[in-house]
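>>> return atomic coordinates for the entry below.
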Amino acid sequence: MISRATSFLPHLPISQPDWLRYAVALGLAVVLALSGWLFAPPGLVSYGLIAAGLTLALVAGVLAIRGHIGQGAQGTAVAKLAQFIEKDASPSFVTDEEGEILTSNTAAGLRFSDSKSDTLAGTLRMLFANPSAVLYRMKCRARLDGSAREDLVTRRGHVRLAVHLIDEDSFLWRVEDMPERAHSGRNAESLPVPMITTGRSGAVLFMNDAARALVGERVKALDRLFVSLPVQPGVVNTLSTKTGPVDVMVAENNSFSGRRELFFLPAEPNGNSAQGPGFEALPVPMIKVASDGRILTSNKLASRLLGVEGTDGMSLGQVMEGLGRPISDWLQETVSGKSPKNSEFLRLTRKDKEVFVQVTLSPVTEKGEQQLIAVLNDATELKTLEAQFVQSQKMQAIGQLAGGVAHDFNNLLTAISGHCDLLLLRHDQGDQDYGDLVQINQNANRAAALVSQLLAFSRKQTLRPEVLDLRDTLSDLTHLLNRLVGEKVTLTLSHDPVLKSIRADKRQLEQVLMNLVVNARDAMPSGGEIRIETEVNSLATPLTRDRATVPAGDYVSVKVSDEGVGIPPDKLQKVFEPFYTTKRTGEGTGLGLSTAYGIVKQTGGYIFVDSVPGSGTVFTLFFPVHEGTAEVAPKASAPVQSAPPKHGEGVVLLVEDEAPVRAFASRALRLRGYTVLEAESAEDALRTLEDPGLTVDVFVTDVIMPGMDGPSWVREALKQRPDVRVVFVSGYAEGAFGDSQPAVPNSVFLPKPFSLNQLTDTVHQQLH
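Sure thing, here's the model as predicted:
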């Protein structure tokens, strides 16, 4: 027993079986020696028997000494281990291979003072059932890994049993009490609602005082308590017991371990099974609902989740929505048993924040009247993740659609504007058709700008980044912005005196600022002030908000704030969605903010929005500070080429699958004096290049074509003609292709739609 084992001294005598073996060996040695001395005639036989007896006696003595020394060493090791574990606050034991306790500490003596067993299995039997199987399993694992550990739910709570292998024949065991989990173990003793925790097999792991008082005894398995077992978590189950029916709600504690918690809803004296102190104290949000949808009562957790002080006089449809049909129909189907699905995800009608709940209905009968118990589970995080996934899928699909539409439109616009350029070459300003041709050209350019918006939204436009000082950019834009806001609105600019440079596409950045200013103007129909502030921000740690993370570093921020009507919280998350607008029909397309979002993200920046209804809105843009050497952008007043370049020298292989675009490009290049070879596909181009006597100076090729794409066939052709220059043209963005392949040497990119001069100038620059 523990008291004796605690005072155990590590002076271990040699065991009785060992002494018996030594005595037998010594006796045999004496017999052999005496036989040789007394009975055998003098000679070799006599001397041999005497020598054998003496040798056997010597061996027995050596074995006895070694055994005694080994037992003494083991005792010394156990004594040192006993001193080591004595100060441990958790019960600790040292056992041999058979499980007999060799020593234990004071904590073990206090914890298991009632134990009369000299074995660990017998001592732990007062803690949990069948400890022998657990100890054997852990000993096997300790022999393989050196140690083992298991968490156990016992009659006294949650404990952790650990074992360490000391040597081949001894083990160190430790019993540690663990903090109790929510709604389980001793923390639930004070819960007025009867509660039982069960394992996967239905074994009862814990019963609180209220459950023991209700049942009248401690039971070890559910089948000894219920005639029919509960099987539906989250639902109020009416179960039959030996004393009559009882309502039980089952909650999953840990789906992996199979633990479940059963909360009893015993009938009150008035016959109401879901009311009174038990219902109010349940650690689960619950509502009692009449069949017509009236809320009869709710516990504190449900009222807190609904965001209301009390539910008296309210209906279920007033506190939640989103079923897609009248909630009363759902309630009637559940009461009548027609609906196999009694669980739905609904949105609460709270004004302060967006909350989703999973509502599970269970029909009950009280005083002959059909009613429902609604169990609520907060599903906001789940629905938020689902909404994010759906939104990302929708944005991806619309982005692909926009990119594809823009590509096809760019091909059409290239052909329209290109042939218009060809006609303008044959008409001067005095011609009566000249004005019509100019109108066609200008409208084609307007259409190209609209397509650019689609590409900006899908983040597939081609940016022309340059190093910018936002003070200069806003200064150049101020005159246009003042014209946009009108006379009722005041535009105020405020700059950081030490503003750093950023790298962005100036034209696209101006479009972003114009969109934000126009939205701010429309939010103030009676006038007000729009402030544009620039500032340098240094983030020591990453900034996380709105499902985005801004890495640590230096940024230039641009804030566009207004004093307008603001944006309601439920609409704030949708402002960057394409085609979403709060303006009347004809006043907005819903592409402005989505385009701004696409441009900012493609530039490598971040955009956030904050709004208070009735007070105004603030859009904040973060752009990484450019750390490289400042680049000097060419001024509009000083073009790179003051005179048209000289053309006419060189052979161009033109590869384009769109016949109208190919016809325009071919005529444009020939007009400049180039020799043009045409191919409608990559395979056709490679067949043309099979002629070894053919000389080609420039490849002008579309990127996306049926069959082999532009970069692929160019890489193949450059193996035999490494000095040929390349001009890629495409209706997609420059970064929309070739990311997984190395860049093509001596190549430039020309986005569609391009004009006659843009095409011929690009080819000329490649040749020179």
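
>>> where does the stretch 451-600 of the chain dip in pLDDT?
Scanning the stretch 451-600 of the chain for pLDDT under 70 picks out the ranges 451-463, 578-592.

>>> switch the cut-off to 80
Residue ranges of the stretch 451-600 of the chain with pLDDT under 80: 451-464, 546-547, 569-595, 598.

>>> and the helices in it?
For the stretch 451-600 of the chain, the helices defined by DSSP state H, counting those that start in this stretch occupy 470-485, 506-522, 569-572, 592-603.

>>> what's the longest one packed up against?
Contacts defined by 3 or more C-beta pairs under 8 Å, 6 or more residues apart in numbering; DSSP states H and E place helix 506-522 against strand 466-468, helix 470-485, strand 489-494, strand 528-539, strand 553-561, helix 592-603, strand 616-624. Where C-beta positions appear, they are placed from N, C-alpha and C, glycine not excepted.

>>> which one of the ones you listed lies nearest to Leu135?
Proximity to Leu135 (C-beta to C-beta) singles out strand 528-539 among the helices and strands packed on helix 506-522, at 55.4 Å.

>>> about what we covered before: out of the helices of the stretch 451-600 of the chain, which is closest to Ser494?
Between Ser494 and the helices of the stretch 451-600 of the chain, the shortest gap by C-beta to C-beta is with helix 470-485, which sits at 10.1 Å.

>>> mind listing what's buried along that closest one?
Neighbour counts using 16 or more other C-beta atoms under 10 Å place Leu470, Thr473, Leu474, Leu477, Leu481, Val485 of helix 470-485 among the buried residues.

>>> a markdown table for these, including distance to Ser615?
As requested, the buried residues of helix 470-485 are exported to a markdown table (distance: C-beta to C-beta, whole Å):
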| residue | distance to Ser615 |
| --- | --- |
| Leu470 | 26 |
| Thr473 | 29 |
| Leu474 | 25 |
| Leu477 | 26 |
| Leu481 | 23 |
| Val485 | 19 |
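
>>> now, which of those residues sits nearest Ala548?
Using C-beta to C-beta as the measure, the one of the buried residues of helix 470-485 that approaches Ala548 most closely is Leu470, at 21.5 Å.

>>> contact partners for the closest residue to that closest one other than its chain neighbours?
Leaving aside its sequence neighbours, Leu470 sits nearest to Thr534 (C-beta to C-beta, 6 or more residues apart in numbering; 5.1 Å). By C-beta atoms under 8 Å, 6 or more residues apart in numbering, the contact set of Thr534 is Leu470, Arg471, Leu474, Ser494, His495, Asp496, Leu499, Val556, Ser557, Val558, Lys559.

>>> what sits against Val319?
Val319 is in contact with Ile295, Leu306, Val308, Thr311, Leu348, Thr349, counting by C-beta under 8 Å, 6+ apart.

>>> could you find the closest non-adjacent residue to Leu239?
Spatially, and ignoring its direct neighbours in sequence, Leu239 is nearest to Phe226 (4.9 Å; C-beta to C-beta, 6+ apart).

>>> which residue ranges of the stretch 301-450 of the chain form strands?
Secondary structure of the stretch 301-450 of the chain, counting by DSSP state E, counting those that start in this stretch: strands at 320-321, 343-348, 356-366, 369-378.

>>> any chance of those in TSV, plus mean neighbour count and distance to Arg662?
Formatted as TSV, these follow (neighbours: other C-beta atoms under 10 Å; distance: least, C-beta to C-beta, whole Å):
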stretch	mean neighbour count	distance to Arg662
strand 320-321	18	57
strand 343-348	18	55
strand 356-366	19	55
strand 369-378	19	61
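
>>> turn these into a markdown table, including distance to Ala210.
What follows is the strands of the stretch 301-450 of the chain, written out as a markdown table (distance: least, C-beta to C-beta, whole Å):
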| stretch | distance to Ala210 |
| --- | --- |
| strand 320-321 | 31 |
| strand 343-348 | 28 |
| strand 356-366 | 21 |
| strand 369-378 | 19 |
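
>>> Ala221 is nearest to which of those strands?
Ala221 sits nearest to strand 356-366 of all the strands of the stretch 301-450 of the chain, at 24.8 Å, using C-beta to C-beta.

>>> could you give the mean pLDDT of the closest one?
In this model, strand 356-366 carries a mean pLDDT of 81.

>>> same question, stretch 176-186
Per-residue confidence for stretch 176-186 averages out to 56 on the pLDDT scale.

>>> out of the helices and strands packed on helix 506-522, deepest packed?
Of all the helices and strands packed on helix 506-522, helix 592-603 has the most neighbours on average by mean count of other C-beta atoms under 10 Å, namely a mean of 24.

>>> next, the angle strand 553-561 makes with that one.
Between helix 592-603 and strand 553-561, the angle comes out at 170 degrees (axes from the mean of the first three to the mean of the last three C-alpha atoms, to 10 degrees).

>>> retrieve the pLDDT associated with Met395.
61.

>>> sorry, slip of the keys, the one I care about is Pro277.
49.

>>> output the below-cut-off pLDDT ranges for the stretch 251-400 of the chain.
Applying pLDDT under 80 to the stretch 251-400 of the chain flags residues 251-284, 309-313, 323-325, 337-343, 351-352, 362, 364-369, 381-400.

>>> ok, Ala665 to Gln432 distance?
Plainly put, Ala665 is 29 Å away from Gln432 if you go by C-beta to C-beta, to the nearest Å.

>>> where along the stretch 101-250 of the chain do the helices fall?
According to DSSP H, counting those that start in this stretch, the helices that the stretch 101-250 of the chain contains are 106-111, 120-124, 131-145, 209-215.

>>> quick one: which of those is nearest Ala659?
Ala659 sits nearest to helix 131-145 of all those, at 73.3 Å, using C-beta to C-beta.

>>> buried sites along that closest one?
Of all the residues in helix 131-145, those buried under the rule 16+ other C-beta under 10 Å are Pro131, Val134, Leu135, Met138, Lys139, Arg141, Ala142.

>>> hmm, the third one is touching Ala121, no?
Yes: A contact is recorded between Leu135 and Ala121 when judged using C-beta atoms under 8 Å, the distance being 5.7 Å.

>>> anything in contact with each of the two?
With C-beta under 8 Å, 6+ apart applied, the overlap between the contact sets of Leu135 and Ala121 consists of Gly99.

>>> name the residues linked to the residue nearest to Leu470 by a beta bridge.
Here Thr534 sits in beta bridges with Val558, as judged by DSSP bridges.

>>> do you know how far it is from Thr473?
Thr534 is 10 Å from Thr473, where distance means C-beta to C-beta.

>>> re earlier: Ala397: which of the buried residues of helix 131-145 is nearest?
Closest approach to Ala397 among these (C-beta to C-beta): Arg141, at 52.1 Å.

>>> spatially nearest residue to that closest one (excluding sequence neighbours)?
In this structure, Arg141 finds its nearest non-sequential neighbour in Ala148, 3.8 Å apart by C-beta to C-beta, 6+ apart.

>>> Val215 now?
On the basis of C-beta to C-beta, 6+ apart, the spatially nearest residue to Val215 that is not a chain neighbour turns out to be Leu225, at 6.4 Å.

>>> quick check: pLDDT value at the one you found.
Among the per-residue scores, Leu225 holds a pLDDT of 78.

>>> list the contacts for it?
Taking C-beta under 8 Å, 6+ apart, we find Leu225 in contact with Val215, Val219, Thr241.

>>> try it again at 10 Å.
For Leu225, the contacting residues are 196, 202, 204, 207, 211, 214-215, 217, 219, 239, 241-243, 246, 248, 262, by C-beta atoms under 10 Å, 6 or more residues apart in numbering.

>>> give me the buried entries from those.
Burial by neighbour count, judged by 16+ other C-beta under 10 Å, picks out Ile196, Gly202, Val204, Met207, Ala211, Leu214, Val215, Val219, Leu239, Val246, Val248, Leu262 from these.

>>> now these in TSV, with distance to Ser170?
What follows is the buried ones among the contacts of Leu225, written out as TSV (distance: C-beta to C-beta, whole Å):
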residue	distance to Ser170
Ile196	40
Gly202	38
Val204	35
Met207	38
Ala211	42
Leu214	47
Val215	44
Val219	39
Leu239	50
Val246	51
Val248	48
Leu262	43
